[in-house]
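Peer 1: Need coordinates for the following:
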Amino acid sequence: MLLTTGQEISATNVHGEQVTGIVTAILKNTVIVSQSFTNELVPKEILKTQGYTFTNKNTGPKAINVRSTK
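Peer 2: Model (predicted):
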């Protein structure tokens, strides 16, 4: 099944914990899954074993905004 942003999925995150949430970004090697108040990284390799496929186009933010303490 082709994975797209906006889908709800359950998978194992990079820490080995089971997470369920909405796909908010599909990056090069990971997928960002948004839960109620947190975002989780799920490796694409884990999703491939669950039968998910991906397009060659990466979607989602290309940079991370970091707040400055200065």
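
Peer 1: So which elements touch the host helix or strand of Gly21?
Peer 2: Per DSSP states H and E, Gly21 falls inside strand 18-26. If you count contacts as 3 or more Cβ pairs under 8 Å, 6 or more residues apart in numbering; DSSP states H and E, strand 18-26 packs onto strand 8-12, strand 30-34, strand 39-43. Any C-beta I mention is one placed from the backbone N, CA and C, and that applies to glycine too.

Peer 1: Tell me where the model's unsure across the chain.
Peer 2: Counting by pLDDT under 70, the chain has low-confidence residues at 56-70.

Peer 1: Of the helices and strands packed on strand 18-26, which stretch is the most buried?
Peer 2: Stretch with highest mean neighbour count among the helices and strands packed on strand 18-26: strand 30-34 (a mean of 20; mean count of other Cβ atoms under 10 Å).
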